[in-house]
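Visitor: Just a sequence and a predicted model for now, questions to come.
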Amino acid sequence: MIEFNGLLTATVFLPALGALVLILGPDNRFFSRFVATIVAAGDFVLAILVFSLFDRTDTAARFQFLDQWVWISSDAIKSTYLLGVDGLSAPLVLLTGLLGLCAVLASLKITLRVKQYFIWVLLLQTSVMGVFTSLDVLLFFLFWEVELIPMYMLITTWGSGRREYSGMKFLIFTIAGSAAMLVAILGLILTQGDQALNMMISLESGFGLMPSGGVISLSLLFWLFFVAFAIKLPVWPLHTWLPDAHTDAPTAASVILAGVMLKMGGYGLLRINVGMFPEHIHSFAWILMILGVISVIYGGVVTVRQTDLKRLVAYSSVSHMGLVLVGIASVGASYTYVSVTGLTGAAMQLFTHGTITGLLFLCVGLIYDKAHTRSIPQLGGIAQRMPIVGIAVLVAGFGSLGLPGLSGFVSEILVFFGAFTAFPVLTVVAVLGIVLAAGYILWMIQRALFGSLPDHLSELKDADRLECIPLILMIISIVIIGIYPSVLTDVFNSGLEPMVSVINNMSVINIGLLGN
Amino acid sequence: MISEWLVWSVFLLPVAAFIVISLVVRPLFNRYAVVSGLILIVCLTISFLISVYVLAIVASGVNLVFEAHDWLILGSAKISIGLLVDSVTAIMLVVVTGVSLLVQIYSLGYMKGDPSFCRYYAYMALFTASMIGVVIAVNIVQLYAFWELVGVSSYLLIGFWHERSSAAAAAKKAFIITRIGDVGFLLAIVYLFVQSDSFGAIGLNSLHIPDIWIAAQPLAAGGAALLGGTGLLFLTLGIFAGAAGKSGQFPLHTWLPDAMEGPTPVSALIHAATMVAAGVFLVARLYPVFEQSSDTMLIIAIIGAVTAFVAAALGLVMNDIKRVMAYSTVSQLGYMMAALGLGAFGPAMFHLFTHAFFKALLFLCAGSVNHAAGTFNMQYMGGLRKSMPITYVATIIGALSLVGIIPFAGFWSKDEILMSANVASNLTVISVGTIVFILLLAGVFLTALYSARMIHLTFHGQFRGGGTREISDAESRGVDLGPNVSSHVHLAESPILMVVPLLILSFLTVTVGYISNPQWVKSVFGIPKHWITEFLIESLPAYLNMHSLEFDPLVAVISTVIVLIGLSIGSWVYLGSRYASPNPSEDPISRLGPLYVILSNKYYIDYLYENIIVRKLFYTAIVGISDAFDKYIVDGVFNGLGIASKKLGRALTMLQTGQVQLYTIVAVAGTIILLAIYLASGSWN
């Protein structure tokens, strides 16, 4: 079966093509900036096309825009180049396109090795797009790995502070996860055969119901995948690479890191751990719930203490990504009562956290550029000199603490709705996270933005017109989703419903087995 | 019948004002900032007129039911948005748009010359729209959404002068404390959502407010009896937690006095007339649910009564005129909550209605006084009656209404609450009703006392120097008062834009109580006896069988006597020659000794919250330990792993000596060992 739509291949590889043009082209700052901007804008347009052309009502065609050809076909292993999107991945493609453009726009003032910088940024974009659109597990892994190198280079070359340490820490943590995933993939091939690599087949009913192949238990594979994704998300206690990487990365890398790369972890959990291991996710949901609640509360508590703006936002991400786990844990409700609400909440949280935290990092980057410090005790009253950045921080901050009318509220409330059915008491604990979020966000705003302006900041300038563009793009997306969430939730629902029905259908089979 | 869009436009007009002011006027026409105020005033005038029309329609007995619209569909459950227009909504709409309109007109004068004039009106528009959103919501998630937006507008307006660190801190405090209550509200909504399947089985939507009413009602009354037992208890307590946070009920009241850092018109609108009443409204909105849980009702009654008493006592010792008003507001909200807890639904909402007028009036008077004296500190006022006659009379009217002197508005509504408490109490046995009744009567006495003190300190005696004097006194003590006190003292009546709203509110304060609830006669201007309480009760299901109470002369006489005693004591103390001097001297209230110390430290509750719970327990202990744990243990383990593997690597490199002899020996030894294992395992057979 060979299908080739081409849209997704274009979306994934346009940035790589741009990188190629940069490599071959002249080493000229303006040329590099121009090409990168055009390519990122073009890719954003393609991502919008993917999202808007995706037919959410067509339940027969779960995966759309398929690009497929046999890629490796030896006797030992068969792998296909297989791209496609469903309701789960289409919004994430849109998110990647949006944040990719914002990251490039936020980098136009970089002066150090401009050509190389944009080559890495564009390659990063290709790899992340690839992760979200691959429907072949091996291809997924390939894109997953490719993303490491550009990010490592961005942190260590264009970063600040202890950038070598942080870059290496990021690399080692992620590679440790990748090793686990590689073992899991090999295990999949050994136990389930080649066709397991094709997600379109393996997502049909998951592996829970397929015959297990020999000594390798499926539970082991489940946990190996989980570790890889949990490091990326990140889940407590595997989160410590994140604050370091964020703090020392350049602004654009932080935006991409928090905005889309963490989402790869959440996406992996939903796509592989939930989609392919329905029985295991159902029985191990309580572990996810506990880890999620710890991440929410512990991350929130540690955030309160941070004095570096970037570190503060990074720790708040740990807390917010904990909610993704809490949402996923909603599948732990008894069979036939699993609803799509919690999973939709988790997926929404991926998207909304991407835009909200991306906006926060853009603002922090602007503050750092102009005030030359990110240390909260050295800031204060900057809203007087930077009203536009001040408004953007307020919008992002209130989005982050879950204000209705902004996108964060929708994902939070859906996560709580979903999780309460399965784990009422732990959900109550997780809800306390919203008070913590109000605490650290508003305290940060009070100390950094409000109050009297210290003398050394009296010359502070606000964002200029060019710098406003990414801020406005993000604010628009946050407000639109906050007011009209159906534009996303309907799509996510259409992608997640099939997974939920697999889990709910297991009850029929389980009861049948017991009857025998 | 009336079109749905007309009702929506009450809400959409201020939304439009917000969008136009913040996206058009502020960026493009900031030089003509006054335009932003005019835009909002025009929009609110139309909103107010429509609200009055809606009230007339609802009062004429038309049942307005509108279809809700889907907002979010989640599998079997859905969240819809729509309008719920009953008598409570209709009254609230008139109050919110009317008071807001007057406050916006007043603000044109009060905020004149402020560099952030546009921002002020943008926030005010956002607040008014959100408050209307709360009032008209038919879905509980919709209500919660606007509830939070009201909270954020309040945050923005308290912190309006954000360059003042005290304002920034007060804004944060207000948001966080109300949010602690909102956790309960949110959990209650989550609980309702989880019930969506059992609701759905009988065709109800668990988030739709009228459906929640039905679900709570007993089967005998035509309800569904889906909610009950512990679930209902937790549900109602959760919602009440949210209401208590917003309405400043004890012990979540501490944010409201600090919220006075905002501009005074903001305090009048948000922290007196509307937002803080939203908690009372929320309980009233879900009254048929609360009514089913007698335990929750008891708790509400007790918390309300305690709040009424405790806050009134605090009003006695404050020197800042706005803080006196703030505690007075907390105290009055306590009366409303107590009434709801006792089942006096009509009187509670009636008091909310009258309180909105007379408390907004009092706050606007405080703003007017500040405009002249440059300070809010009553120690430095005095004698203002001569230079500000209109403000003086308006304050007297507001205060007499607050203490409950016939025929001012506050008398009628407070009298209804006291009558209900009297009915609920039983003087022979000590019951909750008795305690509530006694606390409320004691609160009346304290209210009279602090009102007398406030009026005498501000308007009588001799002028004590205002802001100029306060600043020089503070400088001699080495204290910086910051921008809250102005040295610009200008003893004259406020400009016309500020006076007109005072006059209108004074007129309403005198008349609205009796006119909306005529006693002793058949009707006044066609308004029948007990109109407003009967009208409000209409929104409740018939099986509750509620009636308005007949006027009880005994209760009225008791409360009036208590008020007169309080006013007399206050006047006797504060009109005495000692305090009529032109110098700020020792306040007679401080002669209360240890009681004064406790009161002026606000029962040490702020100290407990801020120093012990937040600073020591939370920040130093919990946060500090978690942070150290993260740094040294969690991260330490991974760094340790890194160092260990580096050392292991270095150790292993030592094996690599480069000596071929050693390699050969190891290789031969290895072969022999493997061979031995092979032979020993006996598999050569």
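Guide: Perfect, thanks for sending it. Residues are numbered from 1 along each chain as shown, chains lettered A, B, ... in the order given.

Visitor: Mind checking which residue lies nearest the centre of chain A?
Guide: In chain A, the residue lying closest to the centroid (CA atoms, centre = their mean) is A:Lys263, at 1.4 Å.

Visitor: Could you tell me which residues make contact with that one?
Guide: Shown in contact with A:Lys263 (CB atoms under 8 Å, 6 or more residues apart in numbering or on different chains): A:Leu92, A:Leu95, A:Leu350, A:Phe351, A:His353, A:Gly354. Glycine gets a C-beta too; all of them are placed from N, C-alpha and C.

Visitor: Most widely separated two among the residues you listed?
Guide: The span of the contacts of A:Lys263, defined through CB to CB, is set by A:Leu92 and A:His353 at 11.8 Å.

Visitor: Is the strand or helix carrying A:Glu467 in proximity to chain B?
Guide: Assessed by DSSP states H and E, A:Glu467 sits inside helix A:465-483. No: Helix A:465-483 is not in contact with chain B by CB under 8 Å from any CB of the partner chain; minimum separation 9.3 Å.

Visitor: contact partners of that helix?
Guide: So helix A:465-483 is in contact with A:98, A:101-102, A:105-106, A:108, A:351-352, A:355-356, A:358-359, A:362-363, A:366, A:388-389, A:392, A:395-396, A:399, A:404-410, A:463, A:487-488, going by CB under 8 Å, 6+ apart.

Visitor: Could you list which of the residues you listed belong to strands?
Guide: Using DSSP state E, no member of those falls in strands.

Visitor: give me the subset of the residues you listed touching chain B.
Guide: Checking these against chain B (CB under 8 Å from any CB), the matches are A:Pro404, A:Gly405, A:Phe409, A:Val410.

Visitor: Let me know the closest of those residues to chain B.
Guide: A:Pro404 (3.3 Å; CB to the nearest CB).

Visitor: Look up the closest residue to that closest one, ignoring the ones flanking it.
Guide: Leaving aside its sequence neighbours, A:Pro404 sits nearest to B:Ala145 (CB to CB, 6 or more residues apart in numbering or on different chains; 3.3 Å).

Visitor: Also B:Met498?
Guide: B:Gly109 (4.2 Å).

Visitor: residues contacting the one you found?
Guide: Taking CB under 8 Å, 6+ apart, we find B:Gly109 in contact with B:Ser494, B:Pro495, B:Ile496, B:Leu497, B:Met498.

Visitor: Nearest spatial neighbour of the first one, chain-adjacent residues omitted?
Guide: This means B:Ser494. The nearest residue in space to B:Ser494 (CB to CB, 6+ apart) is B:Ser368, at 4.4 Å.

Visitor: average pLDDT across whichever helix or strand the one you found is part of?
Guide: Using DSSP H and E, the element containing B:Ser368 is helix B:345-373. The pLDDT scores in helix B:345-373 average 89.

Visitor: got it, and stretch B:165-178?
Guide: Stretch B:165-178 comes out at a mean pLDDT of 89.

Visitor: Pull the distance from it to the chain's centre.
Guide: 13 Å (CA atoms, centre = their mean, to the nearest Å).

Visitor: Buried residues of it, list them for me.
Guide: Neighbour-count burial for stretch B:165-178, counted by 16 or more other CB atoms under 10 Å in any protein chain shown, picks out B:165, B:167-178.

Visitor: Strands along chain B, start to end?
Guide: According to DSSP E, the strands that chain B contains are B:69-74, B:77-81, B:523-524, B:527-528.

Visitor: quick revisit: got the confidence number for the residue nearest to A:Pro404?
Guide: B:Ala145 is given a pLDDT of 93.

Visitor: Spit out the contact partners of B:Ile569.
Guide: B:Leu449, B:Ala452.

Visitor: redo that, cut-off 7 Å
Guide: Listed by CB atoms under 7 Å, 6 or more residues apart in numbering or on different chains, the contact set of B:Ile569 reads B:Leu449.

Visitor: Not counting its neighbours along the chain, what's nearest residue 103?
Guide: In the absence of a named chain, chain A is used. A:Ala252 (3.9 Å).

Visitor: I was after chain B.
Guide: Nearest to B:Val103 is B:Leu269, by CB to CB, 6+ apart, at 4.3 Å.
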